[in-house]
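Chemist: below are the sequence and a predicted model for it; my questions follow.
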Amino acid sequence: MANHSRWEDIKAKRPPVPTGTRSAVEEGFALAQMIYDLRTGAGLSQRELAQRMGTTQSAISRLEEGGGSGNRVDTLARVATALGRHLVISFPETVPTKLKDAVRVA
């Protein structure tokens, strides 16, 4: 019981996670999930996607883990090409309410 009380005290003293940080992590996870869904929907293993991209299975695993430091545009373009998809980056004035196969980041 004493350990539980100390842990509760420690958690209570921790500063809250900034909203911007939380949003960035959630966007990273959403992008990772989309990459996973597209890969598995195409019937590819991580190793097969890696071979198509000229990288390693562990690199694909890191992409699909999400929540990390963010993915580079050139890497995402290689994922899209390997999956027979297109990568589209846009700065519209208004964002559609429903985006198919997309992650809204701003």
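Modeler: Sure, I can see it. Bear in mind the structure is a predicted one, so any value in this text is a computation, not a measurement. Numbers count the residues shown, from 1 in each chain.

Chemist: any stretches of the protein with poor pLDDT?
Modeler: Scanning the chain with the threshold set as pLDDT under 70 gives 1-4, 67-70, 106.

Chemist: all helices for it, in order.
Modeler: 2-13, 19-41, 46-53, 57-65, 73-82 (DSSP state H).

Chemist: among these, which is nearest Glu93?
Modeler: With C-beta to C-beta as the criterion, Glu93 lies closest to helix 19-41 of these, at 20.4 Å. Every residue, glycine included, has its C-beta placed from N, CA and C.

Chemist: what separates stretch 42-50 from the chain centre, distance-wise?
Modeler: Mean C-alpha position of stretch 42-50 versus that of the full chain (C-alpha atoms, centre = their mean, to the nearest Å) differs by 17 Å.

Chemist: how about stretch 13-33?
Modeler: That offset, for stretch 13-33, works out to 11 Å (C-alpha atoms, centre = their mean).

Chemist: show me which residues of it are buried.
Modeler: Within stretch 13-33, the residues scored as buried using 16 or more other C-beta atoms under 10 Å are 27-28, 30-32.

Chemist: now do the phi/psi pair for Thr97.
Modeler: Backbone torsions of Thr97, given as degrees, to the nearest 10, read phi -70, psi -30.

Chemist: equivalent analysis for Leu99, please.
Modeler: Backbone torsions of Leu99, given as degrees, to the nearest 10, read phi -110, psi 120.

Chemist: count of neighbours near it?
Modeler: Leu99: 10 surrounding residues under other C-beta atoms under 10 Å.

Chemist: mind listing what it touches?
Modeler: For Leu99, no residue meets the contact criterion (C-beta atoms under 8 Å, 6 or more residues apart in numbering).

Chemist: and if you look at Ser23?
Modeler: Neighbours of Ser23 in contact, by C-beta under 8 Å, 6+ apart: none.

Chemist: repeat that for Thr56.
Modeler: Ala50.

Chemist: ditto for the one 3 residues further on
Modeler: Each residue near Ala59 by C-beta under 8 Å, 6+ apart is listed here: 50, 53.
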